[in-house]
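S.K.: whatever this is, show me its structure:
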Amino acid sequence: MWLLSKFIFKRDKVGNLFWILGIVLLNVAVAAAFNEMFSTPEELMGMIQTLDNPAMVAMLGPLYGHTIAAVFAQNMLVFVAIAVGIMNIFLVSRHTRADEEDGRLEVLRSLPISRTTILKSVYVNVALLNVVIALLTGIGLAIVGIEAGGHGTGLNDINGAFLFGAILGATGLIFAAATALFVQLSANNKTVLGYSFIFLGIVYMLRAMGDMNAEILSLISPLGLIFRTEVFVRNNWLPVIIIIIISIIIACIAIILNNNRDLGAGFIAEKPGRAHGGKLLKNPFGLAVKLTKGSVIGWAITLFILGASYGSIFGDIDSFVASNEMFSQIFYGVDPGELAIAFVSFIVVMMAAVVAVPVVQIILRLKTEEKKNRLEHLYSRGTSRTVMMFIHMKIAAVVAALLLFLLGFGMYVASYAVMDEALNFSTMITSVMVYLPTLWIFLGVAMLCVGLSPKLTNLAWGYLGYSFVISYFGQILDVPEWLMYTTPLGFVPNYPMEEINFIALIMLVAISVVLAVIGTVSYRKRDIIG
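M.R.: Predicted coordinates:
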């Protein structure tokens with residue numbers, strides 16, 4: 001088991017290093033920035049009043065203290081915990097069900113090892129990774145707190161710093177265990193990821209509803225339990241211990257099930273397919289649509305709900321902005337009647353990076369199909385690589401427009417329900433759709449990576465993640481202005497606060513076309529790798 005664990009560690013060492021650095025440095029950088037942001041009690045109280053808004057409680061979680069550290073924990077905890085959860089979902093599914101589909105585990109199982117050795121080795125690696133993230137996060141926050149000591153921030157609480165890290169590690173363990181359980185239930189990796197992300201969405205929604213008016217729902221959600229630690233306030237370690245115990249129980253169940261199932265099978269029987277394919281399967285375009293349909297529908301529902309959750313804030317937008325020093329400066333001089341729509345432009349710059357995720361996924365499906373040797377059949381029957389790349393590009397471009405529209409429509413519907421005077425529909429939709437060229441840039445980057453080499457596709461995710469961090473935390477961390485222009489999101493005007501710069505948008509479209517063309521030409525010329 002230990003030899004196999006070492007092999008898995010070497011296989012993932014580069015990716016794990018990026019995960020560790022990204023999560024730890026983000027927490028430390030934001031913690032340091034929070035110490036600088038609230039230099040007076042009045043500024044801190046303004047933020048506290050903002051976070052007491054019911055919509056913010058549903059989105060971020062409850063606030064348990066009136067220190068900078070407590071505010072930092074509420075702002076960061078749920079989002080970073082979700083990021084750690086996603087990391088564990090991908091790691092476990094990759095080394096279990098994905099490798100099982102690709103036939104790698106069959107080779108390993110032919111060696112003199114037990115049925116559960118592989119799963120146990122995966123547990124060892126993810127546990128080690130989560131412990132490292134927990135310890136380094138705790139050390140980093142403790143150092144930041146020592147530098148800020150004496151200012152009443154609460155960040156100099158070493159116990160709280162390590163508890164914050166332990167929360168992230170425990171959250172990672174429970175999502176790793178849940179994914180391992182879904183691996184035993186399902187017979188393919190796509191379904192495993194679907195179950196895992198549905199589980200993530202459910203526990204987030206339970207937490208949101210529980211923190212609003214039914215605490216029992218939060219107590220049965222791992223993302224709700226982590227707030228009951230009251231980190232940097234009471235520093236209650238019991239919820240972390242409970243989460244770890246539950247993780248161990250789920251992991252043990254997964255091991256037992258793994259020991260009693262056939263290789264390549266799952267305990268939930270797959271439904272038999274149709275005897276004859278539908279009309280969509282008669283051509284490559286229909287096949288691509290069929291394969292992406294389920295994912296797109298899931299993202300459409302998610303983004304509409306996410307837009308509605310932001311739109312619910314607009315009923316109290318005046319006090320929301322007035323009570324926050326940062327927002328007051330950002331929206332200084334904005335007409336009160338235009339405050340809500342200006343807030344939309346502020347939100348969408350961050351949400352555009354989220355919408356880009358399914359867009360990039362659609363393009364990178366070509367890499368997945370190539371890796372699984374499924375494209376060879378299509379190419380041997382006269383379908384050209386250029387056509388396949390163009391098909392996926394067309395689907396991704398349309399999906400980008402659809403998901404942006406649903407995000408804006410969700411905000412409009414919710415704002416219409418809570419505001420006395422409804423926002424202008426066309427202005428709101430325009431403020432969202434203006435970011436469409438940026439999504440096409442991410443689409444072009446993904447096509448370029450696929451075209452050059454399947455090994456470069458992680459660069460597409462890396463650039464998207466970098467753009468999200470810069471757009472979401474740029475103002476909090478007070479990054480240099482030029483850094484904002486290293487991502488396409490920095491070139492889009494904050495409409496309607498600013499006039500639409502059609503030249504900039506046309507240039508973004510032109511760059512996306514160039515990237516797409518280079519990617520397509522490169523894809524046509526390179527070898528297909530099985």
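
S.K.: now whatever helix or strand Ile244 lives in, how far from the centre of its chain.
M.R.: Using DSSP states H and E, Ile244 sits within helix 238-258. Counting by Cα atoms, centre = their mean, to the nearest Å, helix 238-258 is centred 24 Å from the centre of its parent chain.

S.K.: next: stretch 362-377.
M.R.: 23 Å.

S.K.: isn't Gly264 right up against Glu100?
M.R.: Yes. Judged on Cβ atoms under 8 Å, Gly264 makes contact with Glu100 at a distance of 6.1 Å. To be clear about C-beta, it is placed using only N, CA and C from the backbone, and glycine gets the same treatment.

S.K.: overlap in contacts, the two.
M.R.: Applying Cβ atoms under 8 Å, 6 or more residues apart in numbering, one finds that Gly264 and Glu100 are jointly contacted by Glu106.

S.K.: those two: who's more crowded?
M.R.: For Gly264 versus Glu100, neighbours defined as other Cβ atoms under 10 Å are more numerous around Glu100 (22 against 13).

S.K.: show the average pLDDT along the strand or helix carrying that one.
M.R.: Taking DSSP H and E as the definition, one finds Glu100 inside helix 99-102. Mean pLDDT, helix 99-102: 76.

S.K.: which parts of it are buried?
M.R.: Within helix 99-102, the residues that count as buried by 16 or more other Cβ atoms under 10 Å are 99-101.

S.K.: and the average pLDDT for stretch 232-246 is what?
M.R.: pLDDT averaged over stretch 232-246 gives 92.

S.K.: just how off-centre is it within its chain?
M.R.: Here stretch 232-246 shows a centroid-to-chain-centroid distance of 24 Å under the convention Cα atoms, centre = their mean.

S.K.: output that stretch as PDB, nothing but the C-alphas.
M.R.: This file holds the C-alpha atoms of stretch 232-246, laid out as PDB (Å, rounded to 0.1, in the frame of the first residue of the first chain):
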ATOM      1  CA  PHE A 232     -11.400  33.200  15.900                       C
ATOM      2  CA  VAL A 233     -14.300  33.700  18.400                       C
ATOM      3  CA  ARG A 234     -14.900  30.600  20.600                       C
ATOM      4  CA  ASN A 235     -12.700  28.200  18.700                       C
ATOM      5  CA  ASN A 236     -14.800  25.200  19.100                       C
ATOM      6  CA  TRP A 237     -13.000  22.100  17.800                       C
ATOM      7  CA  LEU A 238     -15.900  19.700  18.300                       C
ATOM      8  CA  PRO A 239     -17.500  20.200  14.800                       C
ATOM      9  CA  VAL A 240     -14.100  19.500  13.200                       C
ATOM     10  CA  ILE A 241     -13.800  16.200  15.200                       C
ATOM     11  CA  ILE A 242     -17.300  15.300  14.200                       C
ATOM     12  CA  ILE A 243     -16.600  15.900  10.500                       C
ATOM     13  CA  ILE A 244     -13.400  13.800  10.700                       C
ATOM     14  CA  ILE A 245     -15.300  10.900  12.400                       C
ATOM     15  CA  ILE A 246     -18.100  11.000   9.800                       C
END
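
S.K.: check which element follows the lowest-mean-pLDDT helix or strand in the chain along the chain.
M.R.: Least confident helix or strand of the chain, by mean pLDDT, DSSP states H and E, is helix 325-330 with a mean of 56. Toward the C-terminal end, the helix or strand that comes next after helix 325-330 (DSSP H and E) is helix 339-371.

S.K.: centre-most residue in this structure?
M.R.: Closest residue to the average C-alpha location of the chain: Ala83 at 6.0 Å, with Cα atoms, centre = their mean.

S.K.: related to what we said a few turns ago, which secondary structure elements does the helix or strand that comes right after the helix holding Ile244 contact?
M.R.: Counting by DSSP H and E, the next helix or strand C-terminal to helix 238-258 is helix 284-311. Secondary-structure packing of helix 284-311 (3 or more Cβ pairs under 8 Å, 6 or more residues apart in numbering; DSSP states H and E): helix 54-60, helix 189-213, helix 339-371, helix 385-418.

S.K.: JSON lines please, covering the ones you listed and showing distance to Ser295.
M.R.: Below are those laid out as JSON lines (distance: least, Cβ to Cβ, whole Å):
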{"stretch": "helix 54-60", "distance to Ser295": "24"}
{"stretch": "helix 189-213", "distance to Ser295": "8"}
{"stretch": "helix 339-371", "distance to Ser295": "6"}
{"stretch": "helix 385-418", "distance to Ser295": "9"}
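
S.K.: which one of the ones you listed lies closest to Ala300?
M.R.: Judged by Cβ to Cβ, the one of those that comes nearest to Ala300 is helix 385-418, at 5.4 Å.

S.K.: and the helices and strands packed on helix 284-311 as CSV, adding distance to Ile226 and mean neighbour count?
M.R.: Shown next, in CSV, are the helices and strands packed on helix 284-311 (distance: least, Cβ to Cβ, whole Å; neighbours: other Cβ atoms under 10 Å):
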stretch, distance to Ile226, mean neighbour count
helix 54-60, 12, 18
helix 189-213, 9, 19
helix 339-371, 22, 22
helix 385-418, 27, 21
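
S.K.: I'd assumed Leu4 was in contact with Asn125.
M.R.: No. Using Cβ under 8 Å, Asn125 makes no contact with Leu4, being 9.4 Å away.

S.K.: look at those two and report which has more neighbours.
M.R.: Comparing Asn125 with Leu4 by other Cβ under 10 Å, the one with more neighbours is Asn125, at 22 against 19.

S.K.: how about that one: what's its closest non-neighbour residue?
M.R.: Among residues not flanking Asn125 along the chain, Ile8 sits closest, at 4.9 Å (Cβ to Cβ, 6 or more residues apart in numbering).

S.K.: count of neighbours near that neighbour?
M.R.: Taking other Cβ under 10 Å as the criterion, the count of residues near Ile8 is 19.

S.K.: for the residue nearest to the centre of the chain, which non-adjacent residue is closest in space?
M.R.: Nearest non-adjacent residue to Ala83, counting by Cβ to Cβ, 6+ apart: Ile23, 6.4 Å away.

S.K.: can you name every helix or strand that the helix or strand where that neighbour lies contacts?
M.R.: According to DSSP H and E, Ile23 maps onto helix 2-37. On a contact count with 3+ Cβ pairs under 8 Å, 6+ apart, helix 2-37 meets helix 68-93, helix 117-147, helix 457-477.
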